[in-house]
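Peer 1: Can you look at this prediction? I've put the sequence above it.
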Amino acid sequence: MLPDRRAERQTALRAALAGEGLDGLLLTHLPNIRYLTGFTGSAAMLLVRADATILITDFRYATQAPGEAGAAAVVEVDQKSVWERLGRVLSAAPMETLGIEGHSLTVRDAERVSGLTRARVVPTADLVERLRMIKAPEEVAAIESAAALAQDALAEVLPSVRTGQTELDVAAALEGALRRRGSEWHPFPTIVASGPRSALPHARTSGRVLGRGEWLLLDFGAQVDGYCADLTRTLVVGARADERQRTIHELVQTAQRRAVDHLRAGMTGREGDALAREVIAARGFGDAFGHSLGHGLGLEVHEAPRLAPTADSPLPEHAVVTVEPGVYLPGWGGVRLEDDVYLGPDGPRRLSDGRTELVELV
């Protein structure tokens, strides 16, 4: 059985609240609520005070919420209005200063909270996200399992991919294989982009027909125990790669390998990003790599920390990040290669298989 870390996570959060001068925090970001209580539903608020953790939800979760939260939270279920229930909870134990999650609560709902309490309502930033950056061993294991599942699904699907299929055909096959292997859901809309559309970094999978000798970019993920993996592979369909395709693929592969091999906890996100960016820029393709190198992985597919030219914060030990350089040439196509990496005390460790060799489906 996996260790139950909810109590220690709540203790760490309470220490952070004390450091910020807050008497309590109202959480509305569901991944944070799951992290602290285990609740996996789609609607809830969580109030964390020094003396209590109170989960407020509605009728749909009257059975599920107590079952999942257990002793990690007192569960309040309201069949009419969770906001009215929140008002009663806040009135029962008045506070002077209440934090809210500034990135999660709408302006309208923040005003609503202010109307329910006499406490000073203060927007906060990333109090729980900073805790979530540092992964426990079982969290790392879940991400590694999700990556293995995604790799197995890709291995099943690739032999059946051929010219004449559409991007949607390939996405359907891949998503089916992911679910059959136990992926709880797709962490993000699967990207299947062919030919010149592979130059769209976040392409929407379309009905375009795969042509002979074209790029096929696959960006997909899996979810195990709530934790996400995120992989990208770029291959050639129906013919051998031409010289230009080989050159660009090798460049991106070299950049990714350098970043994975040399990434370390303690580097800033900017320094980590530069490990790959310098390789691509040195070959004259710096302007064709317009996104950041990577992002954190966990209960969300995009979370802290970031590997980006603007990220000055140090990468914490025990973080899990993606490493995904790309080169995108409009009208021709693009190459992105992505693996998931754990930043351990002894250096980086790939959680995905790193199979980034140029695959030609002929």
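Peer 2: Done, it's in. Bear in mind that the values here come from a model prediction, so they are computed numbers and not experimental data. Numbers count the residues shown, from 1 in each chain.

Peer 1: Please, where are all the strands along the stretch 1-150 of the chain?
Peer 2: Per DSSP state E, counting those that start in this stretch, the stretch 1-150 of the chain carries strands over the ranges 24-27, 45-49, 53-58, 74-78, 97-101, 120-124.

Peer 1: Format those strands as a markdown table; extra columns: mean pLDDT.
Peer 2: Converted to a markdown table, the strands of the stretch 1-150 of the chain look like this (pLDDT from 0 to 100):
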| stretch | mean pLDDT |
| --- | --- |
| strand 24-27 | 98 |
| strand 45-49 | 98 |
| strand 53-58 | 98 |
| strand 74-78 | 97 |
| strand 97-101 | 98 |
| strand 120-124 | 97 |
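
Peer 1: Of the ones you listed, flag the one that's most buried.
Peer 2: strand 24-27 (a mean of 26; mean count of other C-beta atoms under 10 Å). Quick note: C-beta positions are derived from backbone N, CA and C, even for glycine.

Peer 1: For the residue lying closest to residue 331 once chain neighbours are set aside, the count of nearby residues, please.
Peer 2: Leaving aside its chain neighbours, residue 331 sits nearest to residue 196 (5.5 Å; criterion: C-beta to C-beta, 6 or more residues apart in numbering). The tally of other residues near residue 196 (other C-beta atoms under 10 Å) stands at 17.

Peer 1: What of residue 7?
Peer 2: Using other C-beta under 10 Å, residue 7 has 12 other residues around it.

Peer 1: hmm, what's the outermost residue in the protein?
Peer 2: residue 92 (36.8 Å; C-alpha atoms, centre = their mean).

Peer 1: got a list of what the residue nearest the centre of the chain touches?
Peer 2: When C-alpha atoms, centre = their mean is applied to the chain, the residue found nearest the centroid is residue 301 (1.3 Å). Residue 301 makes contact with 187, 188, 221, 228, 230, according to C-beta atoms under 8 Å, 6 or more residues apart in numbering.

Peer 1: And the residues you listed, which is closest to residue 174?
Peer 2: Distance to residue 174 across these (C-beta to C-beta) is lowest for residue 221, with 10.5 Å.

Peer 1: So that closest one versus residue 188, what's the distance?
Peer 2: As judged by C-beta to C-beta, to the nearest Å, residue 221 and residue 188 stand 6 Å apart.

Peer 1: and the two? which has more neighbours close in?
Peer 2: Shown here are residue 221 and residue 188; by other C-beta under 10 Å, residue 221 has more neighbours (26 against 15).

Peer 1: coming back round to it: can you list residues touching both of residue 221 and residue 188?
Peer 2: Counting by C-beta under 8 Å, 6+ apart, the residues touching both residue 221 and residue 188 are 230, 301.

Peer 1: Tell me what residue 76 is bridged to.
Peer 2: Beta-bridge pairing of residue 76 under DSSP bridges involves residue 56.

Peer 1: rewinding a little: for residue 208, see how far away the residue nearest to residue 331 is.
Peer 2: Using C-beta to C-beta, residue 196 is found at 9 Å from residue 208.

Peer 1: ok, back up a step: check the gap between the residue farthest from the centre of the chain and residue 116 for me.
Peer 2: Here the criterion is C-beta to C-beta. By it, residue 92 lies 12 Å from residue 116.

Peer 1: With residue 136 instead?
Peer 2: Residue 136 sits 35 Å away from residue 116, taking C-beta to C-beta as the criterion.

Peer 1: of those two, who's got more company?
Peer 2: Ranked by neighbour count (other C-beta under 10 Å), residue 136 and residue 116 place residue 116 first, with 18 against 14.

Peer 1: who's in contact with the more buried one?
Peer 2: Each residue near residue 116 by C-beta under 8 Å, 6+ apart is listed here: 83, 86, 87, 90, 91.

Peer 1: repeat that for 6 Å
Peer 2: Neighbouring residues of residue 116 by C-beta atoms under 6 Å, 6 or more residues apart in numbering: 86, 87, 90.

Peer 1: got it, and residue 121?
Peer 2: Counting by C-beta under 6 Å, 6+ apart, residue 121 touches 98, 100, 113, 114.

Peer 1: Against which helices or strands is the helix or strand harbouring residue 255 packed?
Peer 2: Using DSSP states H and E, residue 255 falls within helix 243-262. Other elements packing on helix 243-262 under the criterion 3 or more C-beta pairs under 6 Å, 6 or more residues apart in numbering; DSSP states H and E are helix 269-282, strand 319-323, strand 333-336.

Peer 1: Please name whichever of these is nearest to residue 262.
Peer 2: With C-beta to C-beta as the criterion, residue 262 lies closest to helix 269-282 of these, at 5.3 Å.

Peer 1: Just the C-alphas of the closest one, formatted as CSV.
Peer 2: Output of helix 269-282 as CSV, limited to C-alpha atoms (Å, rounded to 0.1, in the frame of the first residue of the first chain):
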residue,chain,number,x,y,z
GLY,A,269,14.9,27.0,-15.4
ARG,A,270,16.7,29.4,-17.8
GLU,A,271,19.9,27.5,-17.5
GLY,A,272,18.1,24.2,-18.1
ASP,A,273,16.4,25.6,-21.2
ALA,A,274,19.7,26.9,-22.6
LEU,A,275,21.2,23.4,-22.7
ALA,A,276,19.0,22.6,-25.7
ARG,A,277,18.5,26.0,-27.1
GLU,A,278,22.2,26.7,-27.5
VAL,A,279,22.6,23.6,-29.7
ILE,A,280,19.7,24.6,-32.0
ALA,A,281,20.7,28.3,-32.2
ALA,A,282,24.3,27.4,-33.0
